[in-house]
Structure formats: structure tokens, C-alpha cells
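>>> coords please:
(chains A and B)
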2 protein chains.
Amino acid sequence: MALTREEAAGLDAADPLAGFRERFAIARPELIYLDGNSLGRMPRATRERMTGVLDEWADRLVSGWEEWIDMPTRVGDLLAEGVLGARPGEVIVSDSTTVNLFKLCSAALDAYRLSAQGVVVTDRDNFPTDRYVLEGLAEQRGLTLRMIDRPDDLEAVLSDGTVALVVLSHVNYRTGALADLRGLTDVARRYDAHVVWDLCHSAGALPVDLRENGVELAVGCTYKYLNAGPGAPAFLYAAEEVQQRLRSPIQGWFGQRDQFDMDRSYDPVDGIGRFMAGTPGIAGLAAVEEGVRLTAEAGIGPLREKSVAQCELIVALHDAWLAPLGFELGSPRDASGRGSHVALRHAEAWPICRALIERADVIPDFRGPDTIRLGVAPLYTRYVDVWDALDRLRGLVERGEQRLVDAARSRVT
Amino acid sequence: MALTREEAAGLDAADPLAGFRERFAIARPELIYLDGNSLGRMPRATRERMTGVLDEWADRLVSGWEEWIDMPTRVGDLLAEGVLGARPGEVIVSDSTTVNLFKLCSAALDAYRLSAQGVVVTDRDNFPTDRYVLEGLAEQRGLTLRMIDRPDDLEAVLSDGTVALVVLSHVNYRTGALADLRGLTDVARRYDAHVVWDLCHSAGALPVDLRENGVELAVGCTYKYLNAGPGAPAFLYAAEEVQQRLRSPIQGWFGQRDQFDMDRSYDPVDGIGRFMAGTPGIAGLAAVEEGVRLTAEAGIGPLREKSVAQCELIVALHDAWLAPLGFELGSPRDASGRGSHVALRHAEAWPICRALIERADVIPDFRGPDTIRLGVAPLYTRYVDVWDALDRLRGLVERGEQRLVDAARSRVT
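Prediction:
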């Protein structure tokens, strides 16, 4: 692994994905952005596309819906085939990850006639919204919510046969640890439990191969590695074979058969469209379409390869430069067990993050209590960005600059 | 009421709101748009604002959230004070009308400890998504859904004391009939039932005065009279006094107290923010802010006054010109009982709508089986638009042009 800046620059020169960086709007090239795992950068095409959507609205007015109405499934198909390893007709893009998770969990609990004695499971360190959604459903339905310490502990809790539903994240938002999508899905199935996978931190950065891995149900966001912008609509996946058994708890007119025949009772469409609820946000969908297109064009295989190489570079530089300064690797050391970010732990993580932003022009991400997340987004992150960021981080801590910032500053994101 | 085109032009010349028309992007001035009650026009300011949001994203990246994170409540406050007659802290903008309706209905059913013997009520002619949401909740909770023929029949069904929850639209989407917001809210309260009002067809076009009318719970969309664009996020209102008793069924991280202290169980924030779920769509919110600003600037009083005058003009021209051609008024005749659109019924309504669009450059709206909706949006509809549209409609039907169009063409919206 390259340890000189020249070697890092050499990797960039040989990078087959290098050309994608200029497809993004990069306002300040000197700023190193390692938080694409929180909010991805803006593709240049998105700016033009948004103008196009505004023109469609202004010019075509209500008849624009002839174009817009199938966007949730059309963009879903693009995502399914280009990114998720799913089939057309298995994915929609609409609503938020939270709302989609609620829909799928609730539908699964209904469809599989899970008794009130049922147990729902997630891991203690899962992303908050996943835990909150499950807490709410458990309370509403009189189910027991059991927290496991890590996804790998799933089998132990399944063995008594009471577990109905499991919610797991493919990549842990804090540590970057990659869960075994295939293995855990299989284990759950053996015990007649159903898993809803949260792909927020993997979709667009690494292969998820939903069909190949036998995944039944999944959700994920589009504003991280898919670069669709702040709060862009999320996706919902249900394998073709299970769709007809499932009913969304939120029965809305966009999920209704013959939507404009308005005098009938609710009768959901066949297929994935039954998970639509209200009118989808078209500006957001257009941005998702552009982001997904770029990702699909680059290809998940090459993206993963570059992401692994860049995360390995972070680990190597951490070992060489940062470990002596009190840092500790907060992510799995083995690349095959890691997503597209590396967590570094340090007792002064929060002021170090502030110092990186304010004094070193590097944007990392902080997750309490002591974790600095460095995310690589292989569509636009360069090897020299990684090298420079770690170099600036090393220098900053060597000079103790984290003690010069106002660490009381309040946090968002 | 003016019956000559000159008189209509005179009304435009004297119209204090006339200047607002040029605040909208109007691609083809010769096109008469009477479907702002389905999708409002695009404010010019929205184009610039969207560019601004894209710049914020590209330039500020994740730190843009410092600005964005309170948009659902900030835009909600603007809407509350400028349009809805509510207080700051009583409205959020996020998610769709359908999802918001689900949240409020579900929360009300939980909060008021409504028994499984409870009855939920809506009217047969309510907008489909409202009926579907209630159907779903009734089924999930073992409640009885009772349909009344019209909102005015509410008291009869309340009298046996079994009704828990009522969902009504302030303005009927088909006929434009205006329900008695104050009266029906009071009646329900007398019988210990709770009403969720759907304001989709009234917000931005007429006073709703939520506080003055004692309204507890309401939802509505922003893409009609509030001109926020296709599928823009919807609003949710809960009166301050009832907020603390209510919990959203969809527990998401944007509703959590100390959102970024991520290791705790779900504990909703105090206030309206507890109805947030996932990450809100920022582009959509920015468009809502622009649309609401324009509406608030014009003022709901003057907007209603103009809307009434224009609807009266439609009725007068219908009586003079269209009734002899087989048309029938599908809306209440009395302006005080009507929203901002007029329904005209005709046996050939669908081909007439097609002919208006294809041959007369007028965009109305069709609602099955036999209704043509003509909506006036007082921010940009002129009196001469109304006069010309009705004149073109009369000529077209006199010449039988509705028989020259391909009426088999499929419909969206």
C-alpha cells in the first residue's frame, strides 16, 4: 500500500474511475470531503436536470404527470438493475427510509401472521431510526423487542423459535462493519424469521446482490453514496415472490389499482407499486435518477474495488502515523468485513473533528462518543485526498490543534 | 356579474392582486390554466431558490444541514401564521398528505384510548386517499368504518356515541362543496369524537383559521393553491394543546429528542416536531417555502375575495351559456358553500375535457364520471381567463368538437 504522496498520486493516475470526479460540482477543490457517507456530493447533471424538471412543471403544468407518474418505479428499476442486483419491478423510490422501514416491517408482521408473543430483533448499535421504528411497532403490537450486541449474534437469539422479524443494517453506520447479508438471511429463514435489511450505508458503494443473496425485504437511502441530495426520497425493495403477500399499512392513492377510478375501496396494485402511499416528490426523484445513473455507469464492482483500496490506505496510514498519537482503529481490520468508511477512535474525537474542519479543510464525520468516520466515495474521492487528509490529521494532532477550537459548538448531522 | 369580455377585463384592471400573476413563470400566455387546484403554477422565485439549494448542497456539503435541519418547522411556522391561522409550533412540513394523515389518525386512535368497538367515519365522496387510509387503519385495529353521504350528516352518526375518529375534507375535491369547519368540529367534540381535517383543497385559497375554529388536527398538500410543485412535501397541524398526548406511529430519528445523541431509546421531542419521521426532502421544502411566502404576501382574505368573484363569474356564464347546452352545475350555487373551483356536469364531460385541452388551449380537470372541474387560483388566474375559457367551452360544445377527439386516450391525474 502506498505510503508516499507520490505513490498515492500514481494510484489516481491509474484509476479507471478517475474521470467520474469531474462529473461532480466541486466548489472548492482544496477542501477534502470524507463525509460522502453522510451526504454525497452533487452530480453536475443534477443541476441541469433540476432545471429541466422546473421547465416541465412551468410548461406542461398538470400534464407533466404523464411523464412523472411512473418515476417511482422507473427510477426503482434503474436502481434495481444498476445498483442493487434486483429485478425490475422489485424496487420503488419514494418516501423516507424511516417511512419505508415502517411499511415493510408492519407489512411483514401482518403477512406472516405473527403472534403477539412474537419477538422482533435488531442490534443495539443499529442506526437510531431503525431501532425507533421497531420500538414503536413492538409497543403498538405488544411484541418484545430484543437487542443483540452485533448482527453475528442473530442465530443465538433465533434458536428458541419466537423471533418473527429482524432488522439489520448491512453496514454499521458507526464502525463500518459489514454484516453477512447472505449468511444472516439464510439463518433467519431457517428459523422462519424474516429480515428487513437497511442498505443506507452500502447501496452504491458495494455489491448487495439482493437476489443472489436471497434477500426478501430491504430499504435504503439515496443521499449518501447515490448522491441524490439532502433528504432525497429513499428506496424500498421487496422480492417479487413475496410482494403479493404483503400490504402496506399506509394505504394511499398511489398504491391503488386504477388510481383514477376513484369510487372504489382500496385494492392495491399487483407488484411493488403497492408500497406507494401519497404523491411522490418529483424534484427529489429526478435527483435520485441522476445519482443512480452515474453509479450504475461506473459499476458497483469497480466502485467496491476502489473503495476497498482507499480504505486500506486509511488503515495503513492510521497504523503508521496515527496509532502512535492515541488513535485506535474502530473498524474491522479485514477489508472484506468493512463497508466504505473507516472509523478512527480517539478520546478527543470531537475536538479533532472540529479542528479538521476549521483548521485543516478536511470534512470528516463525528459519531459519539469517540468516533471519527472517514468515508470514501469512490466516484469522486482521490487517493491523494485520503493521503492529504490523514497527513493533515496527523499534523494537527501532533501540534495539539484540537485544543484550539471551540468544542462546545453544537452539532448537526 | 360581468357578462361581457370588456367587463371582465375591467375587473382585472381593478384587481389589487393582479400584479401577482407576473410572479409566476407562464410559458404560454395564450394557454388558460384552470387546474391550479390539481397542480399550481411555478413561482418565478422558486427557480432561483432551487438553484440556491443546489449551490448550498454543492458548496456547503454536509454542513448545509445547519441551515436545513429546522426547515420542516420553519416553513411550518410560515404556513401556520401566513395561511392557516395557526400558531408557530403547530405545523410541520414533511412527508406526503397520505403519510401525515396516517400519522395523525393513528396517533389520535392511540391517544384517546379508543376501544376496538370504536367507529371511524368519513364521507363516501371524500378524496380516495383519505378513505383508503381509514380503511386500512380500521382493518388493522378491528374498528368499523362508517361512510356518511356528506359531511353534514355527521351529527346523525355521532349520536350513538360509538364514533372515535372522523376524517373530513374542508372542500370536496369533486364538487367544491365547503364543509362547515367550525360547526362540524364542535359537533364532534360534543360527542367526544376527534376530527382530522384534510385541507388539500382549501389551504392557500380560503381562510381556514384553524385556531379560531377550534380545529385539533389537520393535514394538507402544498402543490395545489400553495404552488410548491409536483409532489412537494405536505403539512401536518396539531393544536398546541393536544400535541403532548399524541405519539406518531412512525417513530423516526427526526422526531427524537437530542437527535444526535444516538444511543438512547425513542423519546419524542416536545411539540410538533414529534411528527417528523425520516430525513426531510430539502429541495421540496424550499419550494414550499417560496410558494407559501407568495400566498402569505397576498393574504388569504383578498385571495378568497377574488376566488369567490371568479367562481361567481363561472356560475353566471354557465347559467347564461352552458346550461342550454346540457351542462348542470355540480357545485353548490351559494358562494359561501363553495371552495375555489366550480364543477360542471355533462354527459360528455370526458371528451369535452379532451377537446378543451387539444382544441381550445384550456386546461380544466376531469373527475369521473361526469364532472369538469374549473379551478381558479387567484394569485394568477385573470377574470378574462375565466371569460375566455367559458367562451371557448361554449363554442366548442356548440360545434360538437368533443366528438372529434380521441376520448379513449388514457388519463393521469
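
>>> tell me the contacts of residue A:237?
Listed by C-beta atoms under 8 Å, 6 or more residues apart in numbering or on different chains, the contact set of residue A:237 reads A:80, A:84, A:86, A:90-91, A:210, A:215, A:217-220. In short, each C-beta sits where N, CA and C put it, glycine included.

>>> now residue A:180
Per C-beta under 8 Å, 6+ apart, neighbours of residue A:180: A:151-152.

>>> Quick one, grab the pLDDT at it.
At residue A:180, the model reports a pLDDT of 97.

>>> just to revisit the earlier point, strands - which of the contacts of residue A:237 land there?
A:91, A:217-220 (DSSP state E).

>>> Just the closest of those residues to chain B, please.
Nearest to chain B among the ones in strands among the contacts of residue A:237: residue A:219, at 9.9 Å, using C-beta to the nearest C-beta.

>>> Now the closest one: closest residue in space that isn't a chain neighbour?
Leaving aside its sequence neighbours, residue A:219 sits nearest to residue A:100 (C-beta to C-beta, 6 or more residues apart in numbering or on different chains; 4.3 Å).

>>> still on that earlier bit, would you mind checking the contacts of residue A:237 for buried ones?
The neighbour count (16 or more other C-beta atoms under 10 Å in any protein chain shown) marks A:80, A:84, A:86, A:90-91, A:210, A:215, A:217-220 as buried among these.

>>> Could you single out the nearest of those residues to residue A:387?
When the buried ones among the contacts of residue A:237 are compared for distance to residue A:387 (C-beta to C-beta), residue A:220 wins out at 30.2 Å.

>>> quick one: contacts for the closest residue to that closest one other than its chain neighbours?
In this structure, residue A:220 finds its nearest non-sequential neighbour in residue A:199, 3.4 Å apart by C-beta to C-beta, 6+ apart. Counting by C-beta under 8 Å, 6+ apart, residue A:199 makes contact with A:84, A:169-170, A:208, A:218-220.

>>> and the residue lying closest to residue A:341 once chain neighbours are set aside, how many neighbours?
Nearest non-adjacent residue to residue A:341, counting by C-beta to C-beta, 6+ apart: residue A:375, 3.8 Å away. Other residues near residue A:375 come to 29 when the count uses other C-beta atoms under 10 Å in any protein chain shown.

>>> roughly how far apart are residue A:375 and residue B:112?
Using C-beta to C-beta, to the nearest Å, we find residue A:375 at a distance of 45 Å from residue B:112.

>>> next one: residue A:280
Residue A:280 is 32 Å from residue B:112, by C-beta to C-beta.

>>> Of those two, which one has the most company?
More crowded of residue A:280 and residue B:112, by other C-beta under 10 Å: residue A:280, with 24 against 17.

>>> what's near enough to touch that one?
Residues near residue A:280 by C-beta under 8 Å, 6+ apart: A:68, A:71-72, A:93-95, A:233, A:254, B:96, B:231.

>>> Would you point out the most distant pair within the contacts of residue A:199?
Top of the distance list for those (C-beta to C-beta): A:84 and A:169, 15.3 Å.

>>> what sits against residue A:86?
A:79-80, A:210-211, A:237, A:239.

>>> give me that answer again for 7 Å
A:80, A:210-211, A:237 (C-beta atoms under 7 Å, 6 or more residues apart in numbering or on different chains).

>>> Residue A:105 too?
So residue A:105 contacts A:133-134, A:137, A:165, A:167, A:196 (C-beta under 7 Å, 6+ apart).

>>> Residue A:264 now?
Contacts of residue A:264 by C-beta under 7 Å, 6+ apart: none found.

>>> any idea how far residue A:258 is from it?
For residue A:264, the distance to residue A:258 - C-beta to C-beta - is 7 Å.
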